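Q: sharing a model that was predicted from the sequence below.
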Amino acid sequence: MELSAREDVNRRMLRARDEMDRRYAEPLDVPTLAAIAHLSASQFGRVFKEVYGETPHRYLQRRRVERAMTLLRQTDRPVTDIAWDVGFASLGTFSRTFSTVVGSSPSEFRVRHEPVHVPTCFIAAWTRPREAAAGTAVSEKQTDRPAP
Amino acid sequence: MTTNHITAISLKSLPVLDQDEALAFYTELLGFEVRNDIDLGFMRWLTIGLPGADVQLLLELVGGPQHDAATAAQVRELVTKGALGGLFLTSSDIHATYAALDAAGVEITQEPVEQPYGTDIGIRDPFGNPVRISQPAALTSDQIQEKYDGAPA
């Protein structure tokens, strides 16, 4: 298969993005992602934004919030546990980020949304927030606790 | 409600960037079989299907004359970004399927995860197209509903 230089970059960045989707609860590991994409760590963020239109940090934020929305909707797990499960280090950071991105608190969101019964890949794709407000932070959890 | 006499889904086009590579991936790794491989002159009509299944996939090369060069480049870009389509397959043993695909070096986007409706995995084909494979749970709709309602963490 012959790919243009641009298509080859797309394909490598897709592999890195897939890895972010798989490891969303872990801290953003730019060196590893850059290695998957065959780029330097300093190049990775710029090229990711060129391909996907947002920074890796912002993409991860939307992925985590989407996952939290799913868990809030589909389970009765405590909000604090969900915050930790999706990669936030504190309930405060999670609640602040979630409220900024979604427009309601995690608890309010849970009350307003019933479980939806479709394959999880569609939920992941279609409930991911389109935009995360500027300035919201994704707080990384400590690396001494394994991701669920 | 009228059906307008439509009775089945028969063929679905899947955009691929190399037909030989697509054929090897879908037949040798996923178990499809060739239904048609015909040189029509203007195109290679290459369709595959799963044994016993009627639905066929057309492994359609991106870049035919229906698209101008710029549009073809856009489609290729979307494919390689993982932005197009989605193929959903069923496995009778998802863990065996996963083990075989992982051993073969297929790009895994999701290891086996138990869902209320069954267990599924995610992979990508060589071009970036997403493929989901699921082993449905041996449950009635009501039982699946109960699992959703009482879904554990």
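A: Nice, I can see it.
Q: let me see the backbone angles for the residue nearest the centre of chain B.
A: In chain B, the centroid-proximal residue (Cα atoms, centre = their mean) is residue B:87; its distance is 2.8 Å. Dihedral pair for residue B:87: phi -120, psi 130, per degrees, to the nearest 10.
Q: that one touches residue B:129, doesn't it?
A: Yes. Using Cβ atoms under 8 Å, residue B:87 is in contact with residue B:129, at 6.7 Å. Bear in mind the C-beta positions are built from the backbone N, C-alpha and C, glycine included.
Q: give me the common contacts of those two.
A: Both residue B:87 and residue B:129 are in contact with residue B:14, where contact means Cβ atoms under 8 Å, 6 or more residues apart in numbering or on different chains.
Q: re the thing from before, the residue nearest to the residue nearest to the centre of chain B when sequence neighbours are not counted: what's it in contact with?
A: Distances taken as Cβ to Cβ, 6 or more residues apart in numbering or on different chains put residue B:131 closest to residue B:87, at 4.7 Å, once the chain neighbours are dropped. For residue B:131, the contacting residues are B:30, B:86, B:87, B:88, B:89, B:122, B:123, B:124, B:125, by Cβ under 8 Å, 6+ apart.
Q: are any of those buried, and which?
A: B:30, B:87, B:89, B:122, B:123, B:124, B:125 (16 or more other Cβ atoms under 10 Å in any protein chain shown).
Q: pipe those into JSON lines and attach pLDDT, secondary structure and distance to residue B:98 per row.
A: Shown next, in JSON lines, are the buried ones among the contacts of residue B:131 (pLDDT from 0 to 100; DSSP: H, G, I helix; E, B strand; the rest coil; distance: Cβ to Cβ, whole Å):
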{"residue": "B:30", "pLDDT": "97", "secondary structure": "coil", "distance to residue B:98": "12"}
{"residue": "B:87", "pLDDT": "95", "secondary structure": "strand", "distance to residue B:98": "16"}
{"residue": "B:89", "pLDDT": "97", "secondary structure": "strand", "distance to residue B:98": "12"}
{"residue": "B:122", "pLDDT": "96", "secondary structure": "strand", "distance to residue B:98": "10"}
{"residue": "B:123", "pLDDT": "97", "secondary structure": "strand", "distance to residue B:98": "9"}
{"residue": "B:124", "pLDDT": "97", "secondary structure": "strand", "distance to residue B:98": "14"}
{"residue": "B:125", "pLDDT": "97", "secondary structure": "coil", "distance to residue B:98": "16"}
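Q: may I see the buried residues of stretch A:73-93?
A: Judged by neighbour count (16+ other Cβ under 10 Å), stretch A:73-93 contains these buried residues: A:73-75, A:79, A:82-88, A:91, A:93.
Q: and that stretch, anywhere near chain B?
A: Yes. Interface with chain B: stretch A:73-93 contributes A:74, A:75, A:77, A:81, A:85 (Cβ under 8 Å from any Cβ of the partner chain).
Q: distance between that stretch and the chain's centre?
A: With Cα atoms, centre = their mean, to the nearest Å as the basis, stretch A:73-93 stands 14 Å off its chain's centre.
Q: give me the helices and strands touching the biggest helix by length in chain B, please.
A: Counting residues, the longest helix found in chain B (DSSP state H) is helix B:69-80. Contacts defined by 3 or more Cβ pairs under 8 Å, 6 or more residues apart in numbering or on different chains; DSSP states H and E place helix B:69-80 against helix A:5-22, strand B:11-16.
Q: what angle do that helix and helix A:5-22 make?
A: Helix B:69-80 and helix A:5-22 are oriented at 30 degrees to each other (axes from the mean of the first three to the mean of the last three Cα atoms, to 10 degrees).
Q: give me the residues contacting helix B:69-80.
A: With contact meaning Cβ under 8 Å, 6+ apart, helix B:69-80 is reached by A:3-4, A:6-8, A:10-11, A:14, B:15-17, B:62-64, B:67, B:84, B:127-129.
Q: buried among those? Make that a PyMOL selection.
A: To isolate the buried members of those in PyMOL, using 16+ other Cβ under 10 Å:
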select buried, (chain A and resi 3+7+10+11+14) or (chain B and resi 15+16+17+62+84+127+128+129)
